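Undergrad: just a sequence and a predicted model for now, questions to come.
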Amino acid sequence: MAKKRKIQKYSEAQLIAIFGLEKIRQATPLMLRWLETTTTFSPYEQDTFSRILAQAVENIDAWAEEDLKMNFIAFVLELADLKSSKSIRTFFDKTIEAEREGYFLKVKSDFMMGKGILDMLQTPYFHFQAGGEPQYKKDKDPNGDPMAQLLEAFLIAQVLNKNQNPIYGCYVIGRFWYFVIIEGKEYCVSESFDSTKEKDLSKIIAVLRHFKHILVTELIGN
């Protein structure tokens with residue numbers, strides 16, 4: 001009988017130490033190019049945007065993680081047009097795993113985009129992790145640390161993809177959204193965007209839409 005592997009939950013600091021990662025504090029050229037974008041909304045999209053913004057302003061501090069996902073994040077992803085197509089698949093609550101440098105890594109990604117067939121993921125390009133309360137302590141609760149979970153998903157994706165392409169992602173803590181790109185062993189984290197501010201929420205959606213353009217024009221097939 002095969003021995004069951006023990007699943008370790010790592011903090012961001014532990015992943016940096018184990019795998020020799022470097023966190024880049026200043027925006028890299030790739031991050032700047034991703035963030036330098038704007039978008040416009042149709043009348044229907046503007047109505048949805050205004051509605052979820054009002055909901056977030058009123059309720060986001062009271063929402064638990066699942067409330068945040070269902071009442072807000074789902075609509076942001078819809079406005080960003082992050083949907084499955086012939087060449088792109090989307091996955092929710094998908095578990096991915098890989099062995100890397102002698103360590104067994106396994107994480108459930110809240111949302112992923114990648115190349116795949118039906119429910120089979122082949123090449124992950126984008127990972128999304130969300131956490132609820134902004135007050136929780138990452139160093140005391142690695143199981144609830146979306147940054148650590150996102151970073152672990154990146155490390156697994158690099159093994160699965162078997163290429164040097166950058167991998168994009170986003171993590172959310174309460175009202176604050178952060179965009180992340182990993183290139184090799186260096187990862188860059190954007191400044192925070194407050195999703196209860198109209199300008200920031202519009203920017204969040206614009207950046208997510210821009211990723212889909214990057215995915216189609218630069219990553220698929222490379």
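TA: Looks like it came in fine.
Undergrad: give me the phi and psi angles of residue 162.
TA: phi 60, psi 40 (degrees, to the nearest 10).
Undergrad: run a quick neighbour tally on it.
TA: Residue 162 has 8 neighbouring residues, counting by other C-beta atoms under 10 Å. In this view, the C-beta of every residue, glycine as well, is placed from N, C-alpha and C.
Undergrad: per-residue pLDDT of the residue positioned nearest the centre of the chain, please?
TA: Centroid check for the chain by C-alpha atoms, centre = their mean gives residue 128 as the closest residue, at 2.3 Å. Listed pLDDT for residue 128 reads 96.
Undergrad: again with residue 120
TA: pLDDT, read off for residue 120, is 88.
Undergrad: again, but for residue 80
TA: So residue 80 comes in at 96 (pLDDT).
Undergrad: tell me the phi and psi of it?
TA: phi -80, psi -10.
Undergrad: so what's the residue nearest to the centre of the chain closest to, chain neighbours aside?
TA: residue 111 (3.9 Å; C-beta to C-beta, 6 or more residues apart in numbering).
Undergrad: run a quick check on the one you found versus residue 92, I expect a contact.
TA: Yes - counting by C-beta atoms under 8 Å, residue 92 is a contact partner of residue 111 at 5.6 Å.
Undergrad: surely residue 121 is in a helix?
TA: No - checked against DSSP: H, G, I helix; E, B strand; the rest coil, residue 121 lies outside a helix; its state is strand.
Undergrad: ok, now which ones touch it?
TA: Applying C-beta atoms under 8 Å, 6 or more residues apart in numbering to residue 121 gives the contacts 89, 91, 94, 96, 112, 114, 160.
Undergrad: which one of those has the most neighbours?
TA: residue 114 (25 neighbours).
Undergrad: where in this protein is pLDDT low?
TA: 1-7, 132-144, 221-222 (pLDDT under 70).
Undergrad: grab the longest strand from it for me.
TA: The longest strand of the chain (DSSP state E) is strand 103-117.
Undergrad: what residues sit buried inside it?
TA: Within strand 103-117, the residues scored as buried using 16 or more other C-beta atoms under 10 Å are 105-107, 109-116.
Undergrad: off-centre distance for stretch 190-199?
TA: Its chain's average C-alpha position is 15 Å from that of stretch 190-199, according to C-alpha atoms, centre = their mean, to the nearest Å.
Undergrad: using CSV, write out every CA atom in that stretch.
TA: Only the C-alpha atoms of stretch 190-199 are listed here, as CSV (Å, rounded to 0.1, in the frame of the first residue of the first chain):
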residue,chain,number,x,y,z
SER,A,190,1.4,45.3,-7.0
GLU,A,191,0.2,48.0,-4.8
SER,A,192,-3.2,47.4,-3.2
PHE,A,193,-6.4,48.4,-5.0
ASP,A,194,-9.4,49.2,-2.7
SER,A,195,-12.4,47.6,-4.3
THR,A,196,-14.8,49.9,-2.4
LYS,A,197,-13.4,52.9,-4.4
GLU,A,198,-15.0,53.5,-7.8
LYS,A,199,-11.7,54.3,-9.5
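Undergrad: tell me which residues of it are tucked away?
TA: 190, 193-196.
Undergrad: next one: stretch 179-189
TA: Quick answer for stretch 179-189 (16+ other C-beta under 10 Å): 179-182, 187-189.
Undergrad: thought residue 52 was touching residue 77?
TA: No - contact criterion C-beta under 8 Å: residue 52 and residue 77 do not qualify, at 11.1 Å.
Undergrad: relative to residue 91, how far out is the residue nearest to the centre of the chain?
TA: Applying C-beta to C-beta, to the nearest Å, the value for residue 128 to residue 91 is 10 Å.
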